[in-house]
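Student: Need coordinates for the following:
(chains A and B)
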Amino acid sequence: MKEIVVLGSGCTKCEKTADAIRTIAEELAIPVSLSKETSAEAIMLAGVMRTPAVMVDGQLVHSGSIPHRQDIEAWLS
Amino acid sequence: MLAIFTQLADWLVYQVAGLSSVSRLGSALHFFVEDVSKIYVLLIIMIYLIALIRASLNVERVRDYLTQRHTFAGLFMGAGFGAITPFCSCSSIPVFLGFTSAGIPVGITMAFLLTSPLINEVAVILLISLLGWQLTLAYIGVGLLVGMAGGFTLHILHAERWLQPFAAKAYAAASARNVPAAAKVQSLSLHDRHQFAKDEVRDIFSRVWLWVIIGVGLGAALHGYVPENWVSDHLADGQWWTVPAAVLAGIPLYSNATGVIPVMESLIIKGLPLGTTLAFCMSTVAASFPEFILLKQVMQLRLLLIIFAMLLVSFTLVGWLINLIAPWL
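Tutor: Here you go, the predicted structure:
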C-alpha cells in the first residue's frame, strides 16, 4: 500500500489536494494510506518551501500547487 | 490603446443605458464599466505573459541564489527577488523556514518577505493601468527601499536571536556546516510554460475577480457621490496626522492590492495627497494581520512586534516624504 503524505499548514489548497488524491484513489480502487503533515518544523525538515506538497513513500514528488489529475494517477499506479 | 475601454464605457452607459454623462449615476457607472473591463482584460493578458517568462523562477532557485551572498548584495537581491517572485501560491512560513534552514541571514530573508507581498504583478498591472507609469515606478522604488531598510534594521538588531527555538537551531546548524546549494535545474518546454501560465491565470483571476468589482465599485461610488471638494477640504494639505491615520486605517483592511488600488485612483482624482494615498495602499497590502499571527509559529512575539512597528513607521515616513516633495514632482 502506498503511503501518501500531504504537507501544508492546513490551507484550502492543501485540503483540496488531499481530497483529490483520496477521490482518485477510490475511483481507481487503489488502497492508500493518506495523511496530512501540518507542523512547520516537519515541513522545513522535508525541505519543502511551497505548499501544498506531496510525498509518496517518503519521496517528495510535488510542491507548490494542487496537483493535476494525471500526476496523481501516475503516483498511484 | 487603453482608450478602447473608455469607448466601451461611453457606448454601454451613455448609448445603451441612455444615462447622462453629468448625472451622478452615469458618471459612477461609467467609471465602473471602464475600470472593470480594463482591469480584467489586462490582468488576463499580462499574468499569462509574465507567467510564461517566469515559469522557471521559483523560491527554491531564489534560495540558492541568496545563500552565501554578502550582506549588502544579499539585501538588494533579496528585495529584488521579492519583487519578481510570485508569492501568492505559497505561504510565508515554509519560505521563511526554507531560507533560514539554508543559513541565509534573517535580514536578507526579511528583505525578501517584506518586498514580496508589497510588489507583485497584480499590483503593478493595476497601478500602471489606473494611475500611470510614473506612480508605478515610485511605488516599486519605495517598496524595494522599505524591504531593504527593514532587512538591514533586522540584520543590525541580530534578529535571529528572536526566532522560535527550532528555527534558530536550524539556522545555527546551517551556518556552521555551510550547506551546499541543492539546485535542481529543470528545463521547461514551451508546453510546460503554457500549462504553468494557464494555471497561474486561472488561479490568480479566481482569487481577485471579486476584489476588482468591490474595489472599483467603492471607487465608482466615491467618484460619483462624494462631493468634489470634500476630500481636498478635509484630508489634504498640511495636516500631518492624515498620513499615520491612513496607515492605521489600512491595517484592518488587509485585503490585497486589487481591492485598494481602484479606490486610490478615485481618491487621487478627488485630491487626496499622493503620499497619504501611497502610505494607505502599502499598509493595506503589506501589514496583513492574519499573516502576522501565522508567523508566530517561527518567530517570537518580540520580533513580530518589531517588524510590525517598523513597517508602520516606514510607511508613515514614506507618506510624509512624498507629500513634502510632491509640489516639485
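
Student: drop to CA atoms for contacts and neighbour counts, all remaining ones
Tutor: Fine.

Student: Please name the nearest non-neighbouring residue to the residue nearest the centre of chain B.
Tutor: By Cα atoms, centre = their mean, the mean C-alpha position of chain B lies nearest to B:L118, the distance being 2.8 Å. Leaving aside its sequence neighbours, B:L118 sits nearest to B:A286 (Cα to Cα, 6 or more residues apart in numbering or on different chains; 5.5 Å).

Student: Show the model's pLDDT score for that neighbour.
Tutor: pLDDT recorded at B:A286 is 73.

Student: circling back: check the gap between the residue nearest to the centre of chain B and chain A for me.
Tutor: 19 Å (Cα to the nearest Cα, to the nearest Å).

Student: Just list the residues touching that residue, thanks.
Tutor: B:83, B:143, B:282, B:285-286 (Cα atoms under 8 Å, 6 or more residues apart in numbering or on different chains).

Student: Go through these and name the one nearest chain A.
Tutor: B:A83 (17.3 Å; Cα to the nearest Cα).

Student: Is that closest one in contact with B:A111, as I believe?
Tutor: No. At 10.0 Å, B:A83 does not count as touching B:A111 under the criterion of Cα atoms under 8 Å.

Student: neighbour count winner among those two?
Tutor: B:A111 (31 against 24; other Cα atoms under 10 Å in any protein chain shown).

Student: Could you point out the longest helix of chain B?
Tutor: Taking DSSP state H as the criterion, chain B has its longest helix at helix B:190-225.

Student: wait, does it make contact with chain A?
Tutor: No. On the criterion Cα under 8 Å from any Cα of the partner chain, helix B:190-225 is out of touch with chain A, staying 9.4 Å away.

Student: For that helix, buried residues please.
Tutor: B:193-194, B:196-198, B:200-201, B:204-205, B:208-209, B:211-224 (16 or more other Cα atoms under 10 Å in any protein chain shown).

Student: Tell me which other helices or strands that helix touches.
Tutor: With contacts defined as 3 or more Cα pairs under 8 Å, 6 or more residues apart in numbering or on different chains; DSSP states H and E, the packing partners of helix B:190-225 are helix B:24-54, helix B:257-269.

Student: Could you report the neighbour count for residue 40?
Tutor: As the question left the chain open, I've gone with chain A. Neighbour tally, A:A40, other Cα under 10 Å: 20.

Student: think we crossed wires, I meant chain B
Tutor: Residue crowding around B:Y40 was assessed by other Cα under 10 Å; the count is 16.

Student: what do you get for the one 10 residues further on?
Tutor: By other Cα under 10 Å, the residues close to B:I50 number 15.

Student: thinking B:T71 is in contact with B:I108, fair?
Tutor: Yes. With contacts counted by Cα under 8 Å, B:T71 reaches B:I108, the gap being 7.3 Å.

Student: So those two - more neighbours on which side?
Tutor: For B:T71 versus B:I108, neighbours defined as other Cα under 10 Å are more numerous around B:I108 (32 against 17).

Student: near chain B, which residues of chain A?
Tutor: Checking chain A against chain B by Cα under 8 Å from any Cα, the hits are A:40-41, A:43-44, A:47-51, A:64-65.

Student: Now go through those and say which are in helices.
Tutor: A:40-41, A:43-44.

Student: List just the nearest of the residues you listed to B:P262.
Tutor: A:A40 (36.2 Å; Cα to Cα).

Student: Walking through chain A, point out its strands one by one.
Tutor: Applying DSSP state E to chain A gives strands spanning A:2-7, A:32-37, A:53-56, A:59-63.

Student: Can you check the ones in helices among the residues of chain A next to chain B and name whichever has the most neighbours?
Tutor: Most surrounded of those: other Cα under 10 Å gives A:I43, at 23 neighbours.

Student: Tell me the spatial nearest neighbour of that one, not counting adjacent residues.
Tutor: Once flanking residues are discounted, A:I43 sits nearest to A:L7: 6.5 Å by Cα to Cα, 6+ apart.

Student: what pairs with the one you found across the strands?
Tutor: A:E37, A:A53 (DSSP bridges).

Student: where in the chain is pLDDT low?
Tutor: I went with chain A, as the question did not name one. Chain A contains no residues with pLDDT under 70.

Student: ah, I was thinking of chain B
Tutor: B:1, B:86-91, B:175-187, B:228, B:231-238, B:252-257, B:287-291, B:328-329.

Student: Tell me the residues of it that contact chain A?
Tutor: Residues of chain B lying near chain A (Cα under 8 Å from any Cα): B:59-60, B:89-91, B:93-95, B:97-98, B:101, B:166-167, B:297-298.
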